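> Return a 3D structure for these sequence lines:
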Amino acid sequence: MTDEKNKLLVDLEIRIKQVMFLCDSLKEENERLKTELQSKQTLIDETTKDLEQLKVRYNALKTARTITAATVDVDTAKMKIAKLVREVDKCINLLK
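Modelled structure (predicted):
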């Protein structure tokens, strides 16, 4: 009976060590994935910031082309300028 109990204890000890090893492996993988996620999130944030800057530049270019184009209606250009002025006024009011 003692040999059987010792065998069971040894078997249990081996299984516990296996579980502990698996747990350590999963912790390492979790840390690696967290680091990778942070890196990807930083990349997404930078790309989003770049996209916003490009949108602003694109809208400015569109406005400039509208104002300088000879074939565009003067009223359209005036409306766009008025819209820009209103946006600037809103920003100024928000800063106050």
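> Lys90 and Thr63: what is the separation?
Going from Lys90 to Thr63 by CB to CB, to the nearest Å gives 17 Å. Every residue, glycine included, has its C-beta placed from N, CA and C.
> other SSEs contacting the top helix by length along the chain?
Longest helix in the chain, counting residues (DSSP state H): helix 2-68. When contacts are defined as 3 or more CB pairs under 8 Å, 6 or more residues apart in numbering; DSSP states H and E, helix 2-68 sits against helix 74-95.
> quick one: the helix it packs on to helix 2-68, angle?
130 degrees (axes from the mean of the first three to the mean of the last three CA atoms, to 10 degrees).
> just how off-centre is helix 74-95 within its chain?
31 Å (CA atoms, centre = their mean, to the nearest Å).
> Same check on stretch 13-20?
Relative to where its chain is centred, stretch 13-20 has its mean C-alpha point 39 Å off (CA atoms, centre = their mean).
> Same question for stretch 44-62.
15 Å.
> same thing with stretch 50-69?
Here the centre of stretch 50-69 is set off from its chain's centre by 25 Å, with CA atoms, centre = their mean.
> Please apply the same query to stretch 3-22.
Here stretch 3-22 shows a centroid-to-chain-centroid distance of 45 Å under the convention CA atoms, centre = their mean.
> Tell me which of Lys90 and Thr63 has more neighbours.
Between Lys90 and Thr63, Thr63 has the larger neighbour count (other CB atoms under 10 Å), namely 15 against 10.
> Leaving out the residues flanking it, which one is nearest to the more buried one?
Lys80 (5.6 Å; CB to CB, 6 or more residues apart in numbering).
> And the one you found, what's its pLDDT?
Predicted confidence (pLDDT) for Lys80: 80.
> Then Ala70?
54.
> okay, and for the chain, where does confidence drop off?
Along the chain, segments meeting pLDDT under 70 span 1, 66-74.
> Just give me the neighbour total for Gln38.
Around Gln38 there are 10 residues (other CB under 10 Å).
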